[in-house]
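K.L.:
what follows is a protein structure lacking sequence information:
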């Protein structure tokens with residue numbers, strides 16, 4: 001791995017330049033690195049640089065980060081560097097040297113290389129990197145150097161964590177078996193050695209090293225046991241569990257938390273042990289049963305020894321989660337059968353941890369964003385409060401009466417405490433704890449979007465709100481008791497489905513007043529509550545005709561009843577955004593503004609233009625320094641919604657406000673916002689009766705190849721905007737006709753970039769749907785040739801084949817004449833038979849989405865009527881078999897379920913393949929601009945009738961084949977799938 005010193009020096013200078021405070025210098029260096037990474041020997045030079053001591057540490061660390069990102073981005077992108085892939089020779093080079101390099105690098109570099117190894121292992125280990133595990137075991141796990149040993153164990157840990165998120169399958173079990181057979185004995189040896197060394201004591205450095213080793217061994221234990229219980233681990237349960245129980249009670253000052261906020265290795269070790277115990281108590285109950293009593297005893301003693309410091313929050317939550325898992329199963333005997341045990345758990349675990357601590361109150365005041373994240377969002381880990389609420393739910397499975405009775409006593413006691421005026425803070429904490437105890441007792445099932453969907457009959461949640469919480473929300477002034485007001489609003493949000501619509505409409509004005517509250521938590525909770533209440537829907541009592549397969553619904557609250565209140569609350573919400581009061585770029589506030597416009601629709605048109613003007617100012621500010629992707633998405637979603645409301649009536653006013661700002665963002669290539677701009681421009685264009693000349697310039701800009709290559713996130717946005725242009729074809733005929741060659745060139749660009757393939761077909765479908773065939777007839781044969789060539793070179797890409805067949809099926813359904821067979825045979829004699837047999841029909845069998853099945857069935861039914869298919873008995877039979885097979889998989893009702901009226905969350909949904917894996921700006925499709933229906937042929941209401949009409953000429957053949965088959969269900973593709981087709985034609 002030697003490299004010329006001049007090459008090494010040049011790479012070092014580029015990496016140094018990426019650390020420059022000058023943005024232009026950084027971007028130039030990043031561009032040069034991206035270009036250099038496509039050259040031969042680049043990885044050799046880079047890996048040499050990482051292990052060269054003379055290179056400054058900052059440069060080596062920068063190089064390690066580049067290497068990690070390079071592997072993350074390119075490892076799954078194929079072998080072609082021009083398409084962002086990595087050459088086979090370079091892959092082999094990395095696998096041969098990265099482990100040894102990592103073990104002997106400084107910690108800063110080692111951490112980055114370990115992440116790179118983990119990313120590679122996700123796709124390649126073990127089948128394509130069979131040497132990895134033997135190298136770690138034989139070269140590094142036998143090392144007497146604790147630093148090397150810990151490094152090897154850390155690497156194993158990150159590699160094996162992938163099994164925590166896989167689905168159990170025979171393939172996964174076989175893969176795991178091979179891994180476990182190699183690792184089971186070395187892991188147990190290291191585990192027992194670490195336990196013995198720690199029990200025997202030693203110096204601080206040794207204790208820290210062996211604690212880290214034991215912690216990693218426990219993490220690996222979890223990863224290897226999470227899918228299934230391996231035989232070796234079952235045979236050695238006693239050895240592992242003796243260590244688990246021993247170290248739940250172990251203590252050493254050298255590894256305990258150094259401060260009150262962050263856990264130390266001791267807390268992390270005990271937390272991982274608790275996760276291991278929880279795994280066994282949940283999944284392997286028969287094997288775990290002998291250990292239930294001693295484990296519960298040890299965990300109880302551990303919880304009683306802990307205090308309220310934040311550094312122990314994760315440990316407390318893990319301990320309570322273990323008790324919850326145990327309580328969810330009826331053991332013989334159960335540790336919770338004793339009423340005294342239940343009371344002790346409620347008194348010493350539930351009550352202390354459901355009550356706010358002083359640190360929580362400080363968070364409420366000083367860091368509202370973190371308080372909200374922990375309380376109403378899915379935080380990275382359970383809080384103490386959330387974990388004990390789950391414990392109450394688990395205990396109630398078998399001991400509902402006892403638990404409810406005990407907690408009801410505490411609720412009454414807390415209500416007495418909160419009524420004492422001499423201790424206002426304690427009173428407020430007591431009322432808050434009371435609210436959460438009631439939530440814990442009442443909730444049996446809930447979802448993030450719908451709130452509580454099932455409650456216990458033992459708690460009257462509506463009465464508790466009416467008598468205890470509603471007075472808090474209506475009390476004056478609103479500045480008093482902010483914590484109780486926040487918990488009352490959260491209670492209302494959670495139990496909105498259990499309260500009458502009249503109650504909700506009556507309390508909503510009081511909730512809206514809390515938007516004016518100075519405390520960020522309170523006005524944020526109020527905004528969240530308003531947004532959730534407005535999203536509520538209920539099914540219509542009488543479903544409209546023609547809606548079989550889907551249920552229509554209507555908003556539960558009435559716009560006319562709430563219009564005055566919502567109109568008044570809109571301005572305070574906007575002012576919070578403009579002034580950044582409380583939490584800057586507060587996504588809950590923006591989501592609430594969006595929901596108000598979505599809910600009111602045309603009723604909000606009087607507020608639309610003035611709101612749009614203010615939001616454009618926010619866009620200018622955040623585009624200069626994007627920091628909150630959720631807020632930014634909701635901001636553009638709101639703008640798009642307002643445009644939809646007002647642009648049809650006042651297109652000139654909307655364009656005068658938006659076009660200058662959107663143009664600047666596009667010209668400056670602000671990659672975070674350019675995709676949003678394209679989507680909003682599409683809405684504006686579609687609303688315009690006579691598009692202005694600026695749209696002509698925009699279309700030409702969309703054909704610029706640099707726009708498509710600058711960022712992958714640009715592509716779906718551009719395709720979306722081109723679709724809007726195609727919809728305006730009647731008034732933009734000359735413009736679109738002039739650029740059809742360029743449009744098909746952009747199709748080819750996407751088709752030959754793996755991550756952009758779906759958008760190639762999205763563009764193609766838009767052409768087929770909105771443009772007349774004569775406009776692109778001259779390009780159609782070339783299009784088919786290009787598509788066939790790509791399918792041939794990507795035979796191992798089932799998604800590509802499926803997308804291609806869906807598009808061709810759509811064309812077949814949409815075009816008046818079935819011309820694809822003629823075109824195929826024109827390209828090559830007999831190609832129709834070959835293509836249908838080896839590509840079209842195999843892809844058709846893989847369709848799983850209802851709408852995809854529909855368009856495929858309709859297209860195949862039409863193809864059966866053309867001479868190229870009808871005259872070929874075997875080909876016709878194969879087509880009929882696939883049609884019958886798909887027809888037997890759920891199309892009996894002849895309808896297509898393409899609409900939903902469920903409550904939706906108005907937030908960013910990343911779009912596109914492999915989203916989130918790479919360091920690319922992800923494209924987030926705006927709900928307000930997405931008109932795409934899942935059903936590509938909605939004009940066909942009755943699928944069965946359509947198919948019957950197409951196939952009547954083949955009735956005899958279908959009946960003949962079906963009669964020769966046994967009358968039993970058959971797998972997809974079997975000829976007996978023609979039986980339902982034969983019955984259809986009778």
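P.N.:
On my side now, so go ahead. Bear in mind that the values here come from a model prediction, so they are computed numbers and not experimental data.
K.L.:
mind listing what the residue nearest to residue 192 when sequence neighbours are not counted touches?
P.N.:
Distances taken as Cβ to Cβ, 6 or more residues apart in numbering place residue 239 nearest to residue 192, at 6.8 Å, with adjacent residues excluded. Using the backbone N, CA and C atoms, a C-beta is placed for each residue, glycine as well. Contact partners of residue 239, counting by Cβ atoms under 8 Å, 6 or more residues apart in numbering, are 188, 191, 192.
K.L.:
can you tell me the element the last one falls in?
P.N.:
When elements are defined using DSSP states H and E, residue 192 is found to belong to helix 170-199.
K.L.:
related to what we said a few turns ago, now, which of the contacts of residue 239 sits nearest residue 610?
P.N.:
Among these, residue 191 lies closest to residue 610 (Cβ to Cβ), at 66.6 Å.
K.L.:
isn't the closest one right next to residue 224, touching?
P.N.:
No. Residue 191 is beyond contact range of residue 224, at 11.7 Å (criterion: Cβ atoms under 8 Å).
K.L.:
what's around residue 205, how many residues?
P.N.:
Residue 205: 10 surrounding residues under other Cβ atoms under 10 Å.
K.L.:
list phi and psi for it.
P.N.:
Main-chain torsions, residue 205, degrees, to the nearest 10: phi -60, psi -40.
K.L.:
quick one: it from residue 146, how far?
P.N.:
The gap separating residue 205 from residue 146 is 9 Å, by Cβ to Cβ, to the nearest Å.
K.L.:
next one: residue 120
P.N.:
Separation of residue 120 from residue 146 (Cβ to Cβ): 26 Å.
K.L.:
all helices for the stretch 601-750 of the chain, in order.
P.N.:
Assigned by DSSP state H, counting those that start in this stretch, the stretch 601-750 of the chain shows helices spanning 605-624, 629-646, 651-667, 674-687, 693-702, 705-710, 714-727, 733-738, 740-751.
K.L.:
quick one: the first one to chain centroid distance?
P.N.:
In terms of Cα atoms, centre = their mean, to the nearest Å, the gap separating the centre of helix 605-624 from the centre of its chain is 29 Å.
K.L.:
what residue ranges in the protein score low on pLDDT?
P.N.:
Across the chain, residues meeting the criterion (pLDDT under 70) sit at 1-4, 378-381, 540-552, 889-923, 930-933, 961-984, 986.
K.L.:
can you list the residues that contact the helix or strand hosting residue 597?
P.N.:
Using DSSP H and E, the element containing residue 597 is helix 587-600. With contact meaning Cβ under 8 Å, 6+ apart, helix 587-600 is reached by 372, 523-524, 527-528, 530-531, 534-535, 555, 559, 563, 566, 569-570, 573-574, 576-577, 604, 608, 611, 628, 630-631, 634-635, 637-638, 641-642, 645, 906-907, 928.
K.L.:
returning to that earlier point: immediately after the helix or strand the residue nearest to residue 192 falls within, which helix or strand?
P.N.:
If you go by DSSP H and E, residue 239 is part of helix 237-248. Next along the chain after helix 237-248, taking DSSP H and E as the criterion, comes helix 265-283.
K.L.:
what packs against the next helix or strand after that following helix?
P.N.:
Sequence-wise, the next helix or strand downstream of helix 265-283 (DSSP H and E) is helix 285-288. Where contact means 3 or more Cβ pairs under 8 Å, 6 or more residues apart in numbering; DSSP states H and E, helix 285-288 is packed against helix 265-283.
K.L.:
helices or strands up against the helix it packs on?
P.N.:
Counting contacts by 3+ Cβ pairs under 8 Å, 6+ apart, helix 265-283 packs against helix 204-225, helix 237-248, helix 285-288, helix 292-305, helix 313-327.
K.L.:
in a markdown table, list the contacts of residue 239 along with neighbour count and distance to residue 306.
P.N.:
Shown next, in a markdown table, are the contacts of residue 239 (neighbours: other Cβ atoms under 10 Å; distance: Cβ to Cβ, whole Å):
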| residue | neighbour count | distance to residue 306 |
| --- | --- | --- |
| 188 | 17 | 30 |
| 191 | 21 | 25 |
| 192 | 17 | 27 |
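K.L.:
go through these and name the one nearest residue 412.
P.N.:
Among the contacts of residue 239, residue 191 lies closest to residue 412 (Cβ to Cβ), at 49.4 Å.
K.L.:
for that closest one, give its distance to residue 227.
P.N.:
From residue 191 to residue 227 the distance is 20 Å (Cβ to Cβ).
K.L.:
and residue 460, by the same measure?
P.N.:
Residue 460 is 44 Å from residue 227, where distance means Cβ to Cβ.
K.L.:
ok, residue 373 next?
P.N.:
31 Å.
K.L.:
more crowded one of the two?
P.N.:
Taking neighbours as other Cβ under 10 Å, residue 373 and residue 227 compare with residue 227 leading, 18 against 15.
K.L.:
how about the contacts made by that one?
P.N.:
By Cβ under 8 Å, 6+ apart, the residues touching residue 227 are 163, 166, 168, 172, 173, 176.
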